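S.K.: Build me a structure from this.
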Amino acid sequence: MSANHDGNMNSGVNNAINAGAEASSTPNVDAALEKEATSSENAESILGQSPPEETQGESKNESLLGNQQEEAEGDQEGVSEQPEVIEYEDFTVPEEVKIDPERMTEAKSEFAKLGFSQKQAQGAMDLYAKEVGRFQNEYQTAYDHQTNRWASEVKQDPELGGSDVKLKESIAKAERSLARFDKDKGLTNFLIDTKLGNHPELMRFLVNVDNMTSEGSMATGKSGGQPKELTDEEIFFGEQARENAAYRRAQQ
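M.R.: Residues are numbered from 1 along each chain as shown. Alright, predicted model coming up:
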């Protein structure tokens with residue numbers, strides 16, 4: 001009897017202990033579950049997440065491949081088409097306006113790039129010819145003014161002019177010098193056509209040459225006691241030329 005009583009007490013005590021344990025552990029379990037649920041909500045998962053909201057400036061559905069081709073195609077859309085090749089007829093320009101063929105080719109190329117019609121290109125050439133003509137006229141006017149001023153200085157120079165008689169004498173001497181040394185008249189014609197012969201110092205030079213080579217004042221040297229006419233080189237280049245000529249004669 002006493003053994004059964006003790007066993008029943010022990011069983012009751014154990015049940016009470018277990019019930020208390022279960023009662024005391026229930027809040028802990030609930031707290032743990034609640035904590036786990038909270039942690040689960042805060043946990044980050046790479047897979048299955050909705051894409052983050054798009055920030056300003058970012059493109060949707062970005063792909064690293066293929067972007068360059070799309071950009072290149074977009075650039076090509078902004079480039080204008082190549083101008084059509086235009087064949088121009090020969091332009092009409094005044095005879096006094098000379099245009100180098102290579103320059104004309106360059107001009108036609110530029111007209112084509114600008115899309116000029118034949119009429120528009122001719123208008124541009126007319127404007128060019130007008131400006132060239134204006135420049136040539138201004139240049140010729142200034143050039144004529146200069147050469148006329150040289151002629152006035154010669155006429156007023158006391159050694160070359162001062163009077164009509166003296167001026168005619170100086171001109172005659174200058175022409176004799178040219179006739180003697182310019183056999184083919186190339187230099188003479190050049191000086192006349194360009195009017196550079198009007199320059200006072202050139203005129204003075206030619207007059208002095210005639211004075212040195214004229215019959216009454218021909219510079220002479222002596223060879224074996226006989227007067228010797230000097231060469232043109234000796235007249236123009238002086239003592240050094242005479243020494244060179246003497247050396248050459250000694251070597252003969």
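S.K.: what about Asp210, neighbour count?
M.R.: Using other Cβ atoms under 10 Å, the number of residues around Asp210 comes to 21. (Each C-beta comes from the backbone N, C-alpha and C, glycine too.)
S.K.: which residues does it contact?
M.R.: Counting by Cβ atoms under 8 Å, 6 or more residues apart in numbering, Asp210 touches 173-174, 176-177.
S.K.: nearest to Leu114, of these?
M.R.: Using Cβ to Cβ, Ala174 comes nearest to Leu114 of the contacts of Asp210, at 55.4 Å.
S.K.: That closest one touches Pro200, doesn't it?
M.R.: No - applying Cβ atoms under 8 Å as the test, Ala174 and Pro200 come out as separate, 11.3 Å apart.
S.K.: Compare the two and say which is more crowded by neighbours.
M.R.: Ala174 (24 against 19).
S.K.: residues contacting the more buried one?
M.R.: Ala174 neighbours (Cβ under 8 Å, 6+ apart): 197, 203, 206-207, 210.
S.K.: and those residues as JSON lines, adding pLDDT, secondary structure and distance to Asp90?
M.R.: Listed next are the contacts of Ala174 as JSON lines, based on pLDDT from 0 to 100; DSSP: H, G, I helix; E, B strand; the rest coil; distance: Cβ to Cβ, whole Å:
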{"residue": "Gly197", "pLDDT": "94", "secondary structure": "helix", "distance to Asp90": "40"}
{"residue": "Met203", "pLDDT": "95", "secondary structure": "helix", "distance to Asp90": "46"}
{"residue": "Leu206", "pLDDT": "95", "secondary structure": "helix", "distance to Asp90": "47"}
{"residue": "Val207", "pLDDT": "95", "secondary structure": "helix", "distance to Asp90": "52"}
{"residue": "Asp210", "pLDDT": "93", "secondary structure": "helix", "distance to Asp90": "52"}
